[in-house]
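[1] Sequence and predicted structure below; questions after.
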Amino acid sequence: MYLKRFCKPTVREALAAVKRELGPEALVLSTELVAAGGWRGVVGARDVQITAAVDREVSAARPTLSSARPAAAADPLVARLLAAGVDRMLAEAVVAAIPSGERRSVSDRRLRDVLGAILAGLAAEDDAFARVEVFVGPPGVGKTTTIAKLAARERAGHGRTVGMVAADGFRAGAVEQLRVYATIIGAPFTVARTPGDLDRVLARGRRPMLVDTAGRSPDDRAVADVLQVLGGRRGIRTHLVMAADTSAASARRILAAYDAARPERLVITKVDEADSVMPLLSVVRERGLPISFVTNGQRVPEDVARATPSLLASAVLRESSSSMETLS
Ligand SMILES: Nc1nc2c(ncn2[C@@H]2O[C@H](COP(=O)(O)OP(=O)(O)OP(=O)(O)O)[C@@H](O)[C@H]2O)c(=O)[nH]1
Ligand SMILES: [Mg+2]
């Protein structure tokens, strides 16, 4: 057996290189995200590293890699799931759930269903908005855009109006962005410039309110004040927003940083831009934090959906997310 590693910016390119060099019968043994080489690595980019094998004589020019894990080759279905970007633990769980007699000819659809069933506990599947839904998270992950998508959908799809609240009054630009959306959508819009303001707004409103916060460190005094007001009220559901391509280490750091906000839900954004949501999902599985919404593009309001088991499975398997609208 001849083994070789391929490092490319995307899974697609890595698989193409495997095919080109080893031929179509090559077997993928493992897929991992590794730091990219050269300047891309310096700026934090990651490559996909695929270890593949082909059943032929080892030539002198192509030494065997001693570190490859032969166990994966033992089950072609595990290898197929690893190649699709699923992590090893999950891949093994999926395979264990499929009777051995069926494993040879299992369809993509069946794999997605089994994976969905395993991930089902992660889909929050809330059926309505809480009276106050707050969105917190690092800068630029898509908090404001997600709120706009949700408010616009509620208006267009159900004829219901939800209020939009900018709790980050200390940043003029961010407030204006939400105000413009609120005007277009026709949603009531309030700016809470101080924690006292926010307290009054939350006490007053009866319809569901979507509260936007600044993408700043939760250690920031102003953010901490906002979180304190929110933490003291009932009927509030806090969503931590993270981008789909967040690494496992960053996800752990962000979860720790936003612990004070007591997030009860996770929103995963920018699935369309991510090579893999697997590192983030692995951490979320450890924590058992239910996922409320998934976003997969910049379009308001189209590119958002409530997380369902099948949507999460599709995101892991990097299936076309065009099915998102029908799933929401
Ligand atoms: N490709 C893609 N882009 C997205 C998605 N969601 C949001 N964006 C883009 O990400 C950028 C930042 O979005 P915002 O909604 O302003 O992010 P934010 O978290 O409110 O940012 P701050 O308020 O600065 O912390 C915008 O250009 C959005 O269009 C998504 O699902 N996919
Ligand atoms: Mg914002």
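    Okay, I see it. Numbers count the residues shown, from 1 in each chain. Ligands and ions are numbered 1, 2, ... in the order given.
[2] For residue 146, give me its contacts.
    Residue 146 is in contact with 135, 241, 267, 269, 293, 295, 304, counting by CB atoms under 8 Å, 6 or more residues apart in numbering. For glycine as for every other residue, the C-beta is placed from the backbone atoms N, C-alpha and C.
[3] I misspoke; the intended subject was residue 319.
    When contacts are counted by CB under 8 Å, 6+ apart, residue 319 touches 108, 112.
[4] Report whether it is found in a strand, as I expect.
    No: under DSSP: H, G, I helix; E, B strand; the rest coil, residue 319 falls outside any strand and is assigned coil.
[5] In strands, which of the contacts of residue 146 appear?
    135, 241, 267, 269, 293, 295, 304 (DSSP state E).
[6] Show the contacting residues for the single nearest residue of the stretch 51-200 of the chain relative to ligand 2.
    Per CB to the ion, residue 144 is where the stretch 51-200 of the chain lies closest to ligand 2, at 3.3 Å. By CB under 8 Å, 6+ apart, the contact set of residue 144 is 174, 177, 178, 181, 212.
[7] repeat that with 7 Å
    174, 177, 178, 212 (CB atoms under 7 Å, 6 or more residues apart in numbering).
[8] residue of the chain with the smallest distance to ligand 1?
    residue 215 (2.0 Å; CB to the nearest ligand atom).
[9] thought that residue was touching residue 139?
    Yes: between residue 215 and residue 139 there is a contact under CB atoms under 7 Å: 3.3 Å.
[10] Around residue 24, count how many other residues there are.
    Look at residue 24: counted by other CB atoms under 10 Å, it has 8 neighbours.
[11] That one and residue 54, how far apart?
    10 Å (CB to CB, to the nearest Å).
[12] Tell me the residues on the stretch 101-250 of the chain that lie near ligand 1, please.
    139, 140, 141, 142, 143, 144, 145, 174, 214, 215 (CB under 6 Å from any ligand atom).
[13] How about residues contacting the helix or strand encompassing residue 314?
    Assigned by DSSP states H and E, residue 314 falls within helix 309-316. With contacts defined as CB under 7 Å, 6+ apart, helix 309-316 is touched by 85-86, 112, 115-117, 119-120, 122-123, 271, 277-278, 281, 291, 294, 305, 321, 323-324, 327.
[14] same question, stretch 102-111
    77, 94, 95, 98.
[15] can you redo these as JSON lines with neighbour count, pLDDT and secondary structure?
    What follows is the contacts of stretch 102-111, written out as JSON lines (neighbours: other CB atoms under 10 Å; pLDDT from 0 to 100; DSSP: H, G, I helix; E, B strand; the rest coil):
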{"residue": "77", "neighbour count": "18", "pLDDT": "91", "secondary structure": "helix"}
{"residue": "94", "neighbour count": "25", "pLDDT": "94", "secondary structure": "helix"}
{"residue": "95", "neighbour count": "19", "pLDDT": "93", "secondary structure": "helix"}
{"residue": "98", "neighbour count": "14", "pLDDT": "93", "secondary structure": "coil"}
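[16] The stretch 101-250 of the chain: strands as residue ranges?
    With strands called from DSSP state E, counting those that start in this stretch, the stretch 101-250 of the chain shows them at 132-136, 163-166, 189-191, 209-212, 236-243.
[17] Tabulate these (TSV), appending distance to residue 36 and mean neighbour count.
    TSV is the format used below for those (distance: least, CB to CB, whole Å; neighbours: other CB atoms under 10 Å):
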stretch	distance to residue 36	mean neighbour count
strand 132-136	30	26
strand 163-166	37	24
strand 189-191	42	20
strand 209-212	34	26
strand 236-243	18	24
